[in-house]
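Asker: Any chance you could fold what I've pasted below:
(2 chains)
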2 protein chains.
Amino acid sequence: MKHRIVSILFIALITGGYCFAQTGQPGVFSITDDGQWQKTITTHRLAQFPKIHKDGRVWFQYKAPATAQSVKLHMGSDDYDMQKDSDGLWNVILTDPKPGYQVYWIIVDGTEVKDPGSDIFYSNGYRTVLEVPSPGEDFYLPKQVPHGDVREHWFYSKVTGSFRRMFVYTPPFYERDNSTRYPVLYLQHGAGENEVEWTHSGKANFILDNLIAEGKARPMIIVMNNGFATRPDQEGQTLTGNARWAAFEEMLINEVIPDIDAFYRTIPDRENRAMAGLSMGGMQTFTIGLNNLNTFSYLGIFSGVPTNYSDLLKDVLQQGPEFNQKLKLFWTGAGTDEASFINRQNELRELLTKSGIKAQYYISSNTGHEFQTWRRCLHEFAPLLFR
Amino acid sequence: MKHRIVSILFIALITGGYCFAQTGQPGVFSITDDGQWQKTITTHRLAQFPKIHKDGRVWFQYKAPATAQSVKLHMGSDDYDMQKDSDGLWNVILTDPKPGYQVYWIIVDGTEVKDPGSDIFYSNGYRTVLEVPSPGEDFYLPKQVPHGDVREHWFYSKVTGSFRRMFVYTPPFYERDNSTRYPVLYLQHGAGENEVEWTHSGKANFILDNLIAEGKARPMIIVMNNGFATRPDQEGQTLTGNARWAAFEEMLINEVIPDIDAFYRTIPDRENRAMAGLSMGGMQTFTIGLNNLNTFSYLGIFSGVPTNYSDLLKDVLQQGPEFNQKLKLFWTGAGTDEASFINRQNELRELLTKSGIKAQYYISSNTGHEFQTWRRCLHEFAPLLFR
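Answerer: The predicted model follows:
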């Protein structure tokens, strides 16, 4: 889906009802607020922009130095020219931004800057983001239901030789009844993110709060670690193949899981332990999960079937239908707009089906390699766990 | 304290031992790494800069577009010219950055940008920060001691008509013994920050973990709310005087405290409830705390004695020494480099002393209106609570 830049003329054509203070200069941006614009969820408290119109258009405004020659907004894979208004501020209106969590930035004479009006997202560095409402989808928004806490939990890893932080979602009522124990989902981010983003961008906590309130998912604990882990002696090395995840696997299995089982009221057995992840986290789930079937009995791969999936499945394929007894759920999902992951998911389906191995396959419509796909994946996957 | 820019010549003069690949062009930056440089605590995983030298100098590097004419680094109240090296990257070395959490940004031909190599801090928008080690001070660093969790706790406020997030530190061993109940410190950020920054920048959790491990502070819960709260009908209004905190006070007293006392294992009485804050949060503590002595019995004002302190104290001063029975601790602190707050703290001391009212006054050496002052304030204040 392409965003379109709306020229003043075009706005006039499609919406009407605006007052235009045309200054006569070509390219000067000028519309009058019709009272239908409001700040987005991700607009900063002190900022007035970005604003979203009731009809779905989003209006960005940026203050560049007076000497700036060219100001553009970058979203998706497109650059949009911004236009100066009579106050010297640069503006652009996008008519149909894609729903969900959209990463963007502004480019001032070739220099990438954050939009100071928007929230920040961690994606191999910090980027600005816009949360675009998705008509008919509210499963990831906070609702008037009991909320679980998301805990920042610190530990010292001997494997990496460093203090590390994980995030732990404890479900609603975890504090109320001190005798109940809970199953655990280990949930991993992708190569661009860190341990924060499954709740910050992915809204994992609200998705589970809502599913639990509707009785659609079992109350569970979710543990989110940083998927980048290297031993001190690997610092600066470029690791390839399975070696990339070796230190993470060792830390997860030997340090994180025992810590979680000691600290929180978990049900500490494989029947009550799942692993899932998005993109790189999906590849880690595929690799580490299959390698640790005595630890996990549910696996979820979100946009993350690895390129070497057939190598990793060699043992599994040899076992054939017998393997179905060893894993309660083998689940993959991807978005229609990320062809390589959809293709690999389809190839995987063919391969597994041929060998009589059960798995579930989900396709998210009109989303790509982005959080809207992964929010939906979690929303589909979580209800299937621990049944 | 002024930072000095180090020219190549100056580095050669003060340190020696560098290999200079001088290109002959005046102003070209060029030093060879002597192996004594390493990434700072706040340097991004994928970045190589900023780097800190064993001697305390910090080296920043930024990649600007080839067309950039002027690149500067802004820290404190100074701009430092950055110099191009032979790869076209812009560099500057600061010889004596101030210890603590230092906010900075880069200016490319007048446009403010974040340093993509550094962590992000929320200060009325997002800024880059550098954590500069403070020789002899490690009370705020993570240590090999039991760690409490920092919980993101969501609630719906009827006062503001919105979902809100607070952060709640539960002390080490909170999970272990389900019968123990804890006193609570309500801790507020300043006008620049939000509910994240007392743990993210202030390291409140590590400060308490360390104090508790050393037996210097009682295990306590800390609750950190966003101090900006407005009723829906106040949206867009400019509030002055006590009206600025009215909605926050109502939310804190009628919604937050009952929620915390219901959700966590608190000791829900005034003897076990404290309030403190930095800057605006200190002014809120001064105002709301004195207004709710049936709720709080310890108050901490960090760089936050309000300008109208004598008006707010009218009742208190009339009571004279009798007031000492009503508050267990009235505590203020400020840094030597923030004259206005030190001055007001001194005036307050004089006023209270004259009226026979007890309070404690702390001065942080060589720090200004910044987190290094507030980290120290919390470190001094917390041990005095709930005794």
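
Asker: which residue sits closest to residue A:133, ignoring its sequence neighbours?
Answerer: What sits nearest to residue A:133 in space, not counting adjacent residues and going by CB to CB, 6 or more residues apart in numbering or on different chains, is residue A:99, at 6.6 Å. Using the backbone N, CA and C atoms, a C-beta is placed for each residue, glycine as well.

Asker: For residue A:170, list each beta-bridge partner.
Answerer: Using DSSP bridges, the beta-bridge partners of residue A:170 come out as residue A:149.

Asker: residues near residue A:213, how many?
Answerer: For residue A:213, the neighbour count with other CB atoms under 10 Å in any protein chain shown is 15.

Asker: helix, strand or coil for residue A:102?
Answerer: Following DSSP: H, G, I helix; E, B strand; the rest coil, we place residue A:102 in the strand state.

Asker: I misspoke; the intended subject was residue A:258.
Answerer: helix.

Asker: what does the one 3 residues further on give?
Answerer: In terms of secondary structure, residue A:261 is helix; the call rests on three-state DSSP.

Asker: Does it touch residue A:268 like I think?
Answerer: Yes: if you go by CB atoms under 8 Å, residue A:261 and residue A:268 touch, sitting 4.1 Å apart.

Asker: so residue A:221 bridges to which residues?
Answerer: residue A:184.

Asker: ditto for residue A:334
Answerer: According to DSSP bridges, beta-bridge pairing links residue A:334 with residue A:363.

Asker: Next one: it from chain B, what distance?
Answerer: Using CB to the nearest CB, to the nearest Å, residue A:334 is found at 26 Å from chain B.

Asker: packing partners for the host helix or strand of residue A:251?
Answerer: Assigned by DSSP states H and E, residue A:251 belongs to helix A:243-251. On a contact count with 3 or more CB pairs under 8 Å, 6 or more residues apart in numbering or on different chains; DSSP states H and E, helix A:243-251 meets helix A:280-284.

Asker: Following element in sequence after the helix it packs on, please.
Answerer: helix A:290-291.

Asker: List of residues touching that next one?
Answerer: A:249, A:299, A:312, A:313, A:315, A:316 (CB atoms under 8 Å, 6 or more residues apart in numbering or on different chains).

Asker: Now with 10 Å, please.
Answerer: If you take CB atoms under 10 Å, 6 or more residues apart in numbering or on different chains as the criterion, helix A:290-291 is touched by A:242, A:245, A:249, A:253, A:296, A:299, A:312-313, A:315-316, A:323, A:326-327, A:330.

Asker: Of these, keep whichever come out buried.
Answerer: Among the contacts of helix A:290-291, those buried by neighbour count (16 or more other CB atoms under 10 Å in any protein chain shown) are A:245, A:249, A:253, A:296, A:299, A:312, A:313, A:316, A:323, A:327, A:330.

Asker: And residue A:36, its phi and psi?
Answerer: Main-chain dihedrals, residue A:36, degrees, to the nearest 10: phi -100, psi 0.

Asker: For it, the count of nearby residues, please.
Answerer: Residue A:36 has 13 neighbours, counted by other CB under 10 Å.

Asker: Could you work out the end-to-end span of stretch A:60-79 for me?
Answerer: 13 Å (CA to CA, to the nearest Å).

Asker: re the thing from before, for residue A:335, see how far away the residue nearest to residue A:133 is.
Answerer: 12 Å (CB to CB, to the nearest Å).

Asker: And for the residue of the stretch 201-350 of chain A found nearest chain B, nearest residue in space, chain neighbours not counted?
Answerer: At 5.9 Å from chain B, residue A:263 is the closest residue in the stretch 201-350 of chain A, using CB to the nearest CB. Closest residue to residue A:263 apart from its sequence neighbours, by CB to CB, 6+ apart: residue B:175 at 5.9 Å.

Asker: residues in the stretch 251-387 of chain A within reach of chain B, list them.
Answerer: By the rule CB under 10 Å from any CB of the partner chain, the part of the stretch 251-387 of chain A lying against chain B is A:262, A:263, A:264, A:265.

Asker: Out of those, grab the one that's most surrounded.
Answerer: Counting by other CB under 10 Å, top hit in these: residue A:264 with 20 neighbours.

Asker: Residue A:329: what's it in contact with?
Answerer: The contact partners of residue A:329, taken as CB under 10 Å, 6+ apart, are A:274, A:276, A:296-300, A:358-360, A:381, A:384-387.

Asker: repeat for residue A:135
Answerer: A:56, A:99.

Asker: now swap in the one 5 residues further on and tell me
Answerer: Under the criterion of CB under 10 Å, 6+ apart, the contact list for residue A:140 reads A:100-101, A:131, A:134, A:202-207, A:209-210, A:371-372, A:375-376, A:378-379.

Asker: low-scoring pLDDT stretches of the stretch 1-150 of chain A, where are they?
Answerer: Along the stretch 1-150 of chain A, the model assigns pLDDT under 70 to residues A:1-27.

Asker: Please enumerate the helices of it.
Answerer: Secondary structure of the stretch 1-150 of chain A, counting by DSSP state H, counting those that start in this stretch: helices at A:8-14.

Asker: Identify the contacts common to residue A:99 and residue A:335.
Answerer: Counting by CB under 10 Å, 6+ apart, the contacts common to residue A:99 and residue A:335 are A:366, A:367, A:370, A:372.

Asker: And the pLDDT for the nearest residue to the first one once chain neighbours are set aside?
Answerer: Think residue A:366. With sequence-adjacent residues excluded and distances taken as CB to CB, 6+ apart, residue A:366 is closest to residue A:336, at 6.1 Å. Looking at residue A:336, its pLDDT stands at 98.

Asker: Am I right that the residue of the stretch 201-350 of chain A closest to chain B is in contact with residue B:170?
Answerer: No: with contact defined as CB atoms under 10 Å, residue A:263 does not count as touching residue B:170 (11.3 Å).

Asker: So between residue A:99 and residue A:335, which is more surrounded?
Answerer: residue A:335 (24 against 19).

Asker: residues touching the more buried one, list them.
Answerer: With CB under 10 Å, 6+ apart, residue A:335 has these contacts: A:302-303, A:341-342, A:362-370, A:372-374, A:376-377.

Asker: could you redo the last one with a cut-off of 6 Å?
Answerer: Neighbouring residues of residue A:335 by CB atoms under 6 Å, 6 or more residues apart in numbering or on different chains: A:364, A:367, A:368, A:373.

Asker: Noted, bye for now.
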